[in-house]
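# sequence plus the predicted model coming up.
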Amino acid sequence: MKQTSLELKFPDQAERKNQPIAGFSTRRNGVSQTPFSSLNLGFHVPDEAKDVLENRKILAGDIERPLNQWVVGEQIHGAALAKIVSEDKGRGSADHHDAISSVDGLYTDDQDVLLTALYADCVPLYFYAPKANRVGLAHAGWKGTTKNIAGEMINAWKEDGIKAEDIHAAIGPSIGKCCYEVDDGVVNQVNSLLLNKASLYEETSKGKYQLDLKAVNRELLLKAGVQSSHLSISSYCTSCSNLFFSHRKEEGKTGRMMAYIGLGEV
């Protein structure tokens, strides 16, 4: 496989035959031109739509999951979730206009669905319940994080009878504390969510902080009942690494990576 994406494995699940297919795309080996060079997967940025579609076909071929299985959410920096069924297959895969409306989290029990979401610094959250054979994916920028989309996903699954201790979670590549400056408004919202705030942020000047969004989401997942042994965090910073697009580093003029997850073969 070309380096169009990084494979993701869940803690303690690497030996399972039905390990989900999961990963996070890079910016490499696509056809888009600067500033979207080259594997931009977002239709909502001002790239050529034909190039975005070709890029999606390239990734689909590399991960061996065709576009007609993909489902994409609209993503509005909220905490709303949608349960995806087989009839939703293909929505948002070839055009953003028919994406699942107004959601930042998707989950499914269907074997032939690939959940996808788009990123350019925000935090991808992956979920897997092996006993229930369910997967989920969430998009957590600072707004989704402070609206606790991580906890919303866990709570939705608990309502369906899935125990939090049976859920595995992974936090994918996103902007690191090293590169993510926020103000008092964001930090105050983090403070209202969590008691254990040590090391989540560091004040660098009056009213300015370096925030670790990955760590905030980790604490929210632990608070929701996910076991620490069932949780992994990527060390990649999307701003530091040239593997990725970065909205902040490139001042908004950039492409989008894609996180994806689907159930493996039974």
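Nice, thanks for sending it over.
# which ones are touching Ala60?
By C-beta atoms under 8 Å, 6 or more residues apart in numbering, the contact set of Ala60 is Pro66, Leu67, Trp70. Yep, even glycine has a C-beta here, placed from its N, CA and C like the rest.
# mind checking which of those residues are buried?
The neighbour-count criterion (16 or more other C-beta atoms under 10 Å) marks Leu67, Trp70 among the contacts of Ala60 as buried.
# in JSON lines: the contacts of Ala60, plus pLDDT and secondary structure.
Formatted as JSON lines, these follow (pLDDT from 0 to 100; DSSP: H, G, I helix; E, B strand; the rest coil):
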{"residue": "Pro66", "pLDDT": "97", "secondary structure": "coil"}
{"residue": "Leu67", "pLDDT": "98", "secondary structure": "helix"}
{"residue": "Trp70", "pLDDT": "99", "secondary structure": "strand"}
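# not counting stretch 151-164 itself, show me its contacts.
Here stretch 151-164 makes contact (C-beta under 8 Å, 6+ apart) with 79, 81, 105, 107, 125, 127, 129, 131-132, 134, 136, 138, 167, 220-221, 223-226.
# if any of these are buried, put those into a ChimeraX selection.
The following ChimeraX line selects those of the contacts of stretch 151-164 that are buried, judged by 16+ other C-beta under 10 Å:
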select :79,81,105,107,125,127,129,134,136,138,167,220,221,223,224,226
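# from the contacts of stretch 151-164, which ones fall inside strands?
Leu81, Gly105, Tyr107, Leu125, Phe127, Ala129, Arg134, Gly136, Ala138 (DSSP state E).
# which residues touch the last one?
Ala138 sits next to Leu81, Asp104, Gly105, Leu106, Ala117, Pro124, Leu125, Phe127, Gly144, Ile149, Ala150, Met153 when contact means C-beta under 8 Å, 6+ apart.
# any idea what it is bridged to?
Ala138 has these beta-bridge partners by DSSP bridges: Gly105, Leu125.
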